[in-house]
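Novice: Got a sequence here, can you build the structure:
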Amino acid sequence: MKKDQTYTETIMHSIRRDIILGTYRPGDKLVISELKKYYQVSLSVIREALTRLTEQEIVTATPNVGFRVAQISPQGIQELKQARLINEGTAIKLAIERGSIEWEAKLVAAYYKLVHTEIYLPKTQQLNLEWFMAHKHFHMTIVEGAGNRFLSKICLRLWNQSELSRSQALVGHKVAPGIEEHRQLTKAITDRDVDRALEIHAAHLTNGINHRQK
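Specialist: Next up, the predicted model:
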């Protein structure tokens with residue numbers, strides 16, 4: 001990998017991290033010259049990183065205007081929920097039918113990591129990036145059990161979309177979203193109970209959306 005590509009990848013993840021942690025809020029303009037100074041890289045690296053984030057729909061680009069942090073409307077959140085219910089629901093069903101013992105052990109380990117990771121940093125009370133990573137790993141481990149790489153890509157894309165609104169809802173709020181639901185979902189999946197797992201998953205998504213819209 002070329003040096004510029006490495007820089008671009010690093011900066012893309014850095015900007016995405018700062019969006020998730022609330023440094024940049026929905027609708028904020030992302031000024032390339034300011035980002036260049038802050039991240040201490042070239043304009044071309046910043047521009048390419050923002051372009052990649054636009055492809056992930058975390059950032060929006062408007063000709064002759066520039067880049068902004070994406071905003072998700074209430075309708076958009078509901079549409080995301082519907083898409084996740086369909087795709088993640090299918091993945092859960094397939095994972096329960098196909099998942100190996102090794103995958104099941106990996107899921108339990110991902111759950112254990114999630115529940116032992118603080119959402120907010122103890123000293124600063126800022127959002128903890130490690131929790132977001134653990135949360136994503138838990139849900140994507142479930143999807144992985146389906147054994148369908150195309151389905152996994154779709155679920156990951158939808159997850160990245162949902163993460164933006166989730167993080168904005170958590171900024172400044174001391175909550176522990178879905179801890180009991182994660183436990184119940186893990187149990188239902190390891191019990192190989194499709195109906196129960198789908199029921200808990202649907203409730204989990206609904207409760208998450210309700211919290212975001214308060």
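
Novice: From now on I want contacts and neighbour counts done on CA atoms only, so please keep to that.
Specialist: Fine.

Novice: Find out how far stretch 125-134 is from the centre of the chain, if you would.
Specialist: 11 Å (C-alpha atoms, centre = their mean, to the nearest Å).

Novice: That should have said stretch 15-29, apologies.
Specialist: Mean C-alpha position of stretch 15-29 versus that of the full chain (C-alpha atoms, centre = their mean) differs by 14 Å.

Novice: Name the residues of it that come out as buried.
Specialist: Residues of stretch 15-29 classed as buried: 15-16, 19-22, 24-26, 29 (neighbour count, 16 or more other C-alpha atoms under 10 Å).

Novice: Identify all contacting residues around that stretch.
Specialist: Contacts to stretch 15-29, defined as C-alpha atoms under 8 Å, 6 or more residues apart in numbering, come from residues 53, 58, 66-71, 126-129, 163-164, 167-168, 171.

Novice: So which of those residues sit within helices?
Specialist: Using DSSP state H, 53, 129, 163-164, 167-168 are the members of the contacts of stretch 15-29 that sit in helices.

Novice: part of a helix, is Asn87?
Specialist: Yes. Assignment of Asn87 by DSSP: H, G, I helix; E, B strand; the rest coil places it within a helix.

Novice: quick one: what helix or strand has the nearest residue to it once chain neighbours are set aside in it?
Specialist: Excluding the flanking residues, the one nearest Asn87 by C-alpha to C-alpha, 6 or more residues apart in numbering is Cys155, at 6.4 Å. According to DSSP states H and E, Cys155 maps onto helix 149-170.

Novice: Chain neighbours aside, what residue packs nearest to the most centrally placed residue in the chain?
Specialist: The centroid of the chain falls nearest to Glu163 when counting by C-alpha atoms, centre = their mean (3.6 Å). Counting by C-alpha to C-alpha, 6+ apart, the nearest residue to Glu163 once its immediate chain neighbours are dropped is Ile20, at 7.4 Å.

Novice: residue ranges for the helices of this protein, please.
Specialist: With DSSP H, the ranges of helices along the chain come out as 3-20, 32-39, 43-55, 74-98, 101-115, 129-144, 149-170, 179-190, 194-212.
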